[in-house]
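Student: quick check, what structure comes out for this input:
(one chain, ligands or ions: 1)
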Amino acid sequence: MQERNQLSTEAYKGVRDFYPTDWAQLTGIFNKVRGVLELWGYEEYNASPLERSELYESKGNEEIVKEQTYTFMDRGERSVTLRPEMTPTLARMVAHKRRELAFPLRWFSIGNRFRYERPQKGRLREFYQVDIDLVGLPAGEADAEVVTIASKVLKSFGAKDSDFIIRVSSRKLLGAACAAAGLTGEAARAYTRLLDKKAKMPGDEWTLAARALSAQDPLEEIERADNPTVRAAKEETLSFVETLHERGLGNAVFDPLLTRGFDYYTGMVFEIFDTNPTNPRALFGGGRYDELVALFGGEAIPAVGFAFGDVTFADFLETHGYLPKGGSNAELFLGTTLGSVRDAERFADTLRMNGVRVFVNLRDKSFGDQAKDAEKRGIRYFLAYGEDEVKGATLTLKDIPAYESTSLRGAEDVADWIKKNR
Ligand code: AMP
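Tutor: Purely as a prediction, here's the structure:
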């Protein structure tokens with residue numbers, strides 16, 4: 001009979017529990033990304049997921065701020081929001097210490113973000129993002145660097161140019177095209193947001209909605225490029241794509257339909273997509289946001305950056321067979337008897353000092369059962385350390401998946417063997 005008021009073991013809708021193997025996989029991915037970013041001189045920062053709600057109200061993404069934030073009043077009547085993205089926090093932190101920081105900043109952060117979305121493939125209510133930003137440099141080399149890093153991150157997992165496509169456009173270009181079509185201010189912002197949703201709209205719905213905003217289509221202005229401002233911005237964007245090609249990013253293309261949802265972008269914008277249609281959502285997204293830091297007062301500080309989420313990224317890696325195995329598991333299960341546990345702990349310590357990850361048995365079970373336990377846990381090696389071994393008998397190291405045993409003498413021999421055969 002089911003007890004009344006029994007608590008559910010399900011996680012909250014749209015969020016995940018990470019059991020150790022899941023977490024090992026995620027942290028394995030992040031550690032690899034950290035390795036790449038550190039090679040480029042990027043430093044890791046962090047902040048609380050709790051922010052004052054006003055941070056997102058002035059310049060964000062209308063859809064996210066109005067419909068997708070987790071916002072609540074705290075006990076002191078302050079409106080608090082769980083961060084839906086990291087860029088506003090970064091801008092706030094940069095503005096706060098603008099006099100002390102050594103610009104340009106090459107910063108990255110890895111953490112959870114919260115959006116009240118309908119959970120579906122590639123979309124959850126809590127997900128992780130890696131944010132990478134280069135702050136304090138104008139458009140040019142800095143933009144090329146961040147797009148290059150995005151590509152390097154993917155390639156560090158084994159991805160090839162043909163696995164993904166880098167779509168590039170420019171808010172400056174779109175702004176000029178909107179102006180040429182007679183759209184400025186709020187009307188231009190409304191058009192930009194509409195364009196961001198175009199891919200998800202049926203063609204006639206798009207045509208109607210776009211017509212309602214403007215008789216002339218800004219996309220046609222970009223296509224024709226006979227307005228001098230539009231032409232200059234288009235040439236600049238095409239030449240940026242050319243720079244990416246010269247840097248070896250052959251899969252970069254100009255795509256005037258790309259705009260990105262956030263209002264704060266001011267220049268180059270880009271998104272990276274899987275070429276395999278099973279993952280239709282953007283894997284990476286970013287761009288230049290030169291005005292955001294100035295919202296906190298003081299002079300503007302130019303910046304460019306991007307983010308990618310763990311859900312779509314893991315889907316990409318899995319689709320292409322690039323998902324790394326989690327590597328934090330113990331590699332040796334040390335079998336013990338009631339009488340040998342203390343000596344076994346000492347023996348385990350010597351192995352640990354030699355860099356071996358050891359799991360020591362503390363239960364009263366036969367060695368046979370302990371070896372089965374090791375197998376169930378996915379631990380590769382088993383070594384029975386009973387009274388005979390304490391007294392100096394030869395050690396038998398079992399490689400469980402290989403069905404092989406090796407005779408060894410002491411802890412150092414065992415450590416050397418395991419490390420050599422990793
Ligand atoms: P955005 O911050 O919306 O530009 O998104 C940047 C990246 O974060 C996307 O390309 C996705 O990989 C990821 N992302 C955004 N929203 C979600 C979500 N609700 N669930 C999972 N991943 C997301």
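
Student: poorly predicted segments of the protein, please.
Tutor: Within the chain, the set of residues satisfying pLDDT under 70 comprises 1-3, 60, 326-328.

Student: just the strands in the stretch 151-300 of the chain please.
Tutor: Counting by DSSP state E, counting those that start in this stretch, the stretch 151-300 of the chain has strands at residues 164-170, 252-254, 268-274, 284-288.

Student: in a markdown table, list these along with mean neighbour count.
Tutor: (Glycine included, C-beta is placed from N, CA and C.) Formatted as a markdown table, the entries for the strands of the stretch 151-300 of the chain read as follows, by neighbours: other CB atoms under 10 Å:
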| stretch | mean neighbour count |
| --- | --- |
| strand 164-170 | 23 |
| strand 252-254 | 19 |
| strand 268-274 | 25 |
| strand 284-288 | 26 |
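
Student: residue of the stretch 301-422 of the chain nearest the ligand, please.
Tutor: With CB to the nearest ligand atom as the measure, the residue in the stretch 301-422 of the chain that lies nearest the ligand is residue 309; the distance is 2.5 Å.

Student: is that residue bridged to anything, and to what?
Tutor: Legend: beta-bridge partners of residue 309 under DSSP bridges are residue 129.

Student: isn't it up against residue 129?
Tutor: Yes: under the criterion of CB atoms under 8 Å, residue 309 lies in contact with residue 129, with a separation of 5.1 Å.

Student: returning to what we had before: quick one: which of the strands of the stretch 151-300 of the chain is nearest the ligand?
Tutor: With CB to the nearest ligand atom as the measure, strand 284-288 is the member of these nearest the ligand (3.7 Å).

Student: what residues does that closest one touch?
Tutor: The set of residues that contact strand 284-288 without belonging to it, under CB atoms under 8 Å, 6 or more residues apart in numbering, is 132, 139, 143, 146, 150, 171, 260, 265-272, 302-308.

Student: please redo it, this time with the cut-off set to 6 Å
Tutor: In this structure, residues lying in contact with strand 284-288 by CB atoms under 6 Å, 6 or more residues apart in numbering are 139, 150, 260, 265-269, 271-272, 304-306, 308.

Student: and for the closest residue to the ligand within the stretch 51-200 of the chain, the neighbour number?
Tutor: Of all residues in the stretch 51-200 of the chain, residue 127 sits closest to the ligand, at 3.5 Å by CB to the nearest ligand atom. The number of residues packed near residue 127 is 20, by other CB atoms under 10 Å.

Student: if you count neighbours, what's buried in stretch 304-323?
Tutor: Burial within stretch 304-323, assessed by neighbour count using 16 or more other CB atoms under 10 Å, is assigned to 304-317, 320, 322-323.

Student: typo on my end, it should be stretch 224-240
Tutor: Result for stretch 224-240 [16+ other CB under 10 Å]: buried residues 225, 227, 229-231, 233-234, 237, 240.

Student: between those residues, which is nearest residue 421?
Tutor: The closest of these to residue 421 turns out to be residue 240 (CB to CB; 48.4 Å).

Student: quick check, residue 41 in a strand?
Tutor: No: according to DSSP: H, G, I helix; E, B strand; the rest coil, residue 41 belongs to no strand; its state is coil.

Student: hey, what's the closest residue to it other than its chain neighbours bridged with?
Tutor: The shortest distance from residue 41 to any non-neighbouring residue, by CB to CB, 6 or more residues apart in numbering, is to residue 106 (5.4 Å). Residue 106 has these beta-bridge partners by DSSP bridges: residue 134.

Student: near residue 106, how many other residues are there?
Tutor: Residues contacting residue 106 under the criterion other CB under 10 Å number 20.
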